[in-house]
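Student: Fold the following and give me the result.
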Amino acid sequence: MALAETKSVFTLEDYLRIDRTEDERYEFLDGEIYAMAGESGEHGDICVNLAVLIGNQVFKTPYRLRIKDTKVRSGMFPPKRPLVKGMISYPDIVVICGEPEYHDEFRDVVLNPTVIIEVLSESTEQFDRSEKFHRYQLWNPTLTDYILVSQDKPLVEHYIRQSDGSWKYLFYENLEREFTIESINSRLKLADIFYRVEFDERDF
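Tutor: Numbers count the residues shown, from 1 in each chain. Okay, the predicted model is just below:
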């Protein structure tokens, strides 16, 4: 990811103005704005597969699925203050329970995610695993599941929030595995998630 402009510190209002008026997508982290990287073919296939699989299972339920262009706010942003602290991100997949809660009247920044799924890429993996997940844990109390999906091998990592606030870690590897996202009553097969994705067998 690369800094969008030369300005050293942006406010949240600066970020929203830029993101909402330019063709590119950007993420916001503590006063800095980062351009979103393009996706590989594998990344695109996996995201579409997940959207179809989960979307079919949550159709006509209290859960709704959003992809690509929905932002999630992680941080306390009181209104009418030019704050620079906090994070606004673009998850690959977001599932919301019930009615979405929004940051403002534009209705493009969600406050109450239930499930977030990120398809890992070389340029974003470290951030997705560390600072981004830390912010989600700290500032998104509605989040029950954080799921990381590899695009280099058939591997899914699943973090599940426990009643005491800790997180349980599970991983599912190889195309024969399947798992459940209990918070949204969804069951997924890795063979379906990675449909049409070809792997080098030497990598796993």
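
Student: neighbours around residue 158, how many?
Tutor: 20 (other CB atoms under 10 Å). C-beta here means a position set from N, CA and C on the backbone, and glycine is covered the same way.

Student: list the helices and strands the longest helix seen in the chain packs on?
Tutor: With secondary structure taken from DSSP state H, the chain has its longest helix at helix 41-58. Using 3 or more CB pairs under 8 Å, 6 or more residues apart in numbering; DSSP states H and E as the contact test, the elements touching helix 41-58 are strand 63-67, strand 93-97, strand 113-119, strand 186-189, helix 190-193.

Student: go with 10 Å
Tutor: Counting by 3 or more CB pairs under 10 Å, 6 or more residues apart in numbering; DSSP states H and E, the packing neighbours recorded for helix 41-58 are strand 63-67, strand 93-97, strand 113-119, strand 145-149, strand 178-181, strand 186-189, helix 190-193.

Student: what about residue 150, how many neighbours?
Tutor: Neighbour number of residue 150 under other CB under 10 Å is 22.

Student: Contacts only, for it.
Tutor: Counting by CB atoms under 10 Å, 6 or more residues apart in numbering, residue 150 makes contact with 42, 46, 119-121, 125, 156-157, 171, 173, 194, 197, 199, 203-204.

Student: if you set the cut-off to 8 Å instead, what comes out?
Tutor: Contacts for residue 150 (CB atoms under 8 Å, 6 or more residues apart in numbering) come out as 120, 156.

Student: any idea how far it is from residue 91?
Tutor: Distance from residue 150 to residue 91, counting by CB to CB, to the nearest Å: 16 Å.

Student: Surely residue 167 is in contact with residue 159?
Tutor: Yes. Between residue 167 and residue 159 there is a contact at 4.8 Å, judged by CB atoms under 8 Å.

Student: Find the residues that touch each one of these two.
Tutor: With CB under 8 Å, 6+ apart, residue 167 and residue 159 have common neighbours residue 146.

Student: what about the spatially most central residue of the chain, which SS state?
Tutor: Centroid-nearest residue in the chain, with CA atoms, centre = their mean: residue 91, separated by 2.4 Å. Following DSSP: H, G, I helix; E, B strand; the rest coil, the label given to residue 91 is coil.

Student: and it, what does it touch?
Tutor: Applying CB under 8 Å, 6+ apart, the residues near residue 91 are 70, 72, 113, 116-118.

Student: and it, what pLDDT?
Tutor: Residue 91 is assigned a predicted lDDT (pLDDT) of 96.

Student: any chance you could read off phi and psi for it?
Tutor: With angles defined as degrees, to the nearest 10, residue 91 sits at phi -60, psi 160.

Student: same question, residue 144
Tutor: phi -110, psi -30.
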